[in-house]
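Student: The sequence and its predicted three-dimensional model are supplied below.
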Amino acid sequence: MLKKNVKACEESSPPAHSRYEKLPLYFYILLGIAAFSLIVYLIAVISPAFANWLNGGIGAVVRAVLAHLTSWIPFSLAEILLYLLPVGLTALVIYAYRCRCETWRSVFVFLGSVISVFSLFFSVFVFGFGAGYHTDPLDRRLGLAEEVVTEEELYRTAVWLAEEVNLAAADVTFAENGFSVMPYDQKELSRRLVEAYDPVCDRYAFVQRLNSRVKPVIASHLMSYTHITGVYTYFTGEANLNMAFPDYTLPYTAAHELAHQRGIARENEANFVAFLVTVASDDPYIRYSGYLNLFEYVSSALYYENAEQYKEVLGLLDAHVIGELRAFSAFFDTYRDSLAADISGVVNDTHLKLNGSAEGVDSYGLVVDLAVAYHKALPR
């Protein structure tokens with residue numbers, strides 16, 4: 001069985017007796033790089049100072065190179081590669097069966113070669129993105145006080161955000177279906193967000209300055225069943241955006257994925273950097289998106305602490321904003337109960353926990369702690 005169909009490859013392959021004598025040189029090189037990457041990653045896990053240096057130095061270069069290499073492509077390269085993956089794996093299995101199954105040694109050599117190539121993904125992760133999970137916490141880098149959030153502080157932060165949402169909503173257009181309308185396309189959104197990053201980068205040196213773009217996901221409707229609004233693919237350097245979600249979510253989500261692209265790995269920290277960026281924009285719709293999305297996080301936390309105060313804060317919102325939130329709830333009903341969301345949630349939770357986030361997917365909501373600390377630090 002192991003010798004079956006060898007003739008199909010005889011014309012284009014070297015003789016069997018030489019083909020499987022030893023592993024190719026690149027096997028040793030790539031696995032050597034992967035082994036070195038593992039050592040570097042373990043040092044980053046142990047030493048936040050080293051993680052800061054790696055993420056802001058070598059990591060910034062790797063992320064910038066990948067972003068520039070793929071930025072000229074109008075679609076998401078990562079998405080296309082995902083669609084091609086089943087075809088590629090099938091072709092690889094067929095090729096292995098027909099041309100690399102002469103002996104058990106040839107099978108092991110082929111598998112070793114494949115593993116060494118895939119080890120590149122791990123190396124790119126370590127040097128381009130992985131260290132970001134182990135840097136100093138964002139509150140420390142922002143100079144915010146790390147304290148236990150009280151119910152009263154949560155309430156005051158929610159009230160402040162409700163007021164800011166109302167101010168921003170005054171310059172926003174709302175449609176008859178209840179949703180607000182983003183007055184430009186995804187390409188213009190990218191440009192405005194990159195501009196909004198400038199003052200944040202000026203103030204915080206650890207936020208990488210990068211001229212990049214957000215990529216629209218072709219299968220955004222199908223992606224919505226996973227409850228994923230955006231994703232950063234570290235191996236292509238792309239910030240990908242689910243365009244099927246309502247307009248008001250897009251600027252904030254895009255800023256979140258662009259934060260990942262700039263080395264902010266932890267989810268709660270990317271959420272808060274997205275807030276800082278959106279409210280730093282001179283565009284009213286982007287500011288509206290930032291304030292409203294953070295309000296949703298904070299008010300949800302308040303609901304679990306004090307439902308009456310939650311109702312009180314919700315009552316402070318402009319009628320148009322209330323209509324937006326109701327319209328979103330109706331929109332989300334289509335995707336709310338989804339097996340794809342359950343599976344993606346487990347995968348994402350496991351990924352985050354393996355990278356040092358003990359809270360897993362709950363880490364997204366930890367942005368509330370940062371929001372409260374930020375509000376307390378605002379000048380009165």
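Tutor: Yes, it's here.

Student: got the residue ranges for the strands in this protein?
Tutor: For the chain, strands defined by DSSP state E occupy the ranges 214-216, 230-233, 238-241.

Student: what distance separates the second one from the centre of its chain?
Tutor: Relative to the chain's own centre, strand 230-233 is displaced by 4 Å; criterion: C-alpha atoms, centre = their mean, to the nearest Å.

Student: Now residue 273: closest residue in space, sequence neighbours ignored.
Tutor: Distances taken as C-beta to C-beta, 6 or more residues apart in numbering place residue 259 nearest to residue 273, at 4.1 Å, with adjacent residues excluded. For the C-beta atoms, the positions are set from N, CA and C on the backbone; glycine is no exception.

Student: Quick check: the one you found vs residue 203, distance?
Tutor: 14 Å (C-beta to C-beta, to the nearest Å).

Student: for residue 274, same thing?
Tutor: Separation of residue 274 from residue 203 (C-beta to C-beta) stands at 15 Å.

Student: try residue 120
Tutor: Taking C-beta to C-beta, one finds residue 120 at 36 Å from residue 203.

Student: again with residue 126
Tutor: Remark: distance between residue 126 and residue 203 (C-beta to C-beta) = 29 Å.

Student: Now do the helices in the stretch 151-300 of the chain.
Tutor: Ranges of helices in the stretch 151-300 of the chain, per DSSP state H, counting those that start in this stretch, are 151-169, 186-203, 220-224, 250-261, 267-280, 284-305.

Student: between those, which one is nearest to residue 376?
Tutor: For residue 376, the closest of the helices of the stretch 151-300 of the chain is helix 151-169, at 6.6 Å, according to C-beta to C-beta.

Student: Give me the buried positions along the helix ranked longest in the chain.
Tutor: Criterion DSSP state H: the longest helix present in the chain is helix 104-128. With burial defined by 16 or more other C-beta atoms under 10 Å, the residues of helix 104-128 counted as buried are 106-107, 109-110, 113, 116, 119, 122-128.

Student: other SSEs contacting that helix?
Tutor: helix 25-46, helix 58-70, helix 77-99 (3 or more C-beta pairs under 8 Å, 6 or more residues apart in numbering; DSSP states H and E).

Student: got a list of contacts for that helix?
Tutor: For helix 104-128, the surrounding residues in contact (C-beta atoms under 8 Å, 6 or more residues apart in numbering) are 2, 16, 19-20, 22-24, 26-27, 30-31, 33-34, 37-38, 40-41, 44, 54, 58-59, 62-63, 66, 92, 96, 100-101, 234-235, 237.

Student: 7 Å instead?
Tutor: 2, 19-20, 23-24, 26-27, 30-31, 33-34, 37, 40-41, 58-59, 62-63, 66, 96, 100-101, 234-235 (C-beta atoms under 7 Å, 6 or more residues apart in numbering).

Student: repeat for stretch 72-87
Tutor: Against stretch 72-87 from outside (C-beta under 7 Å, 6+ apart): 70, 215, 217, 218, 233, 236, 238, 240.

Student: if you average pLDDT over the longest helix of the chain, what comes out?
Tutor: Average pLDDT, helix 104-128: 88.

Student: how near is residue 274 to residue 232?
Tutor: Noted for residue 274: a distance of 12 Å to residue 232, by C-beta to C-beta.

Student: do residue 178 as well
Tutor: Counting by C-beta to C-beta, the separation of residue 178 from residue 232 is 30 Å.

Student: more neighbours, these two?
Tutor: More neighbours surround residue 232 than the other of residue 178 and residue 232, with 22 against 18 (other C-beta atoms under 10 Å).

Student: give me every residue that touches the closest residue in space to the more buried one that isn't next to it in sequence.
Tutor: Distance criterion C-beta to C-beta, 6+ apart; nearest residue to residue 232, sequence neighbours excluded, is residue 260 at 3.6 Å. Counting by C-beta under 7 Å, 6+ apart, residue 260 touches 232, 239, 270.

Student: Just put those in JSON lines and tack on pLDDT and distance to residue 295.
Tutor: What follows is the contacts of residue 260, written out as JSON lines (pLDDT from 0 to 100; distance: C-beta to C-beta, whole Å):
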{"residue": "232", "pLDDT": "96", "distance to residue 295": "24"}
{"residue": "239", "pLDDT": "97", "distance to residue 295": "23"}
{"residue": "270", "pLDDT": "95", "distance to residue 295": "18"}
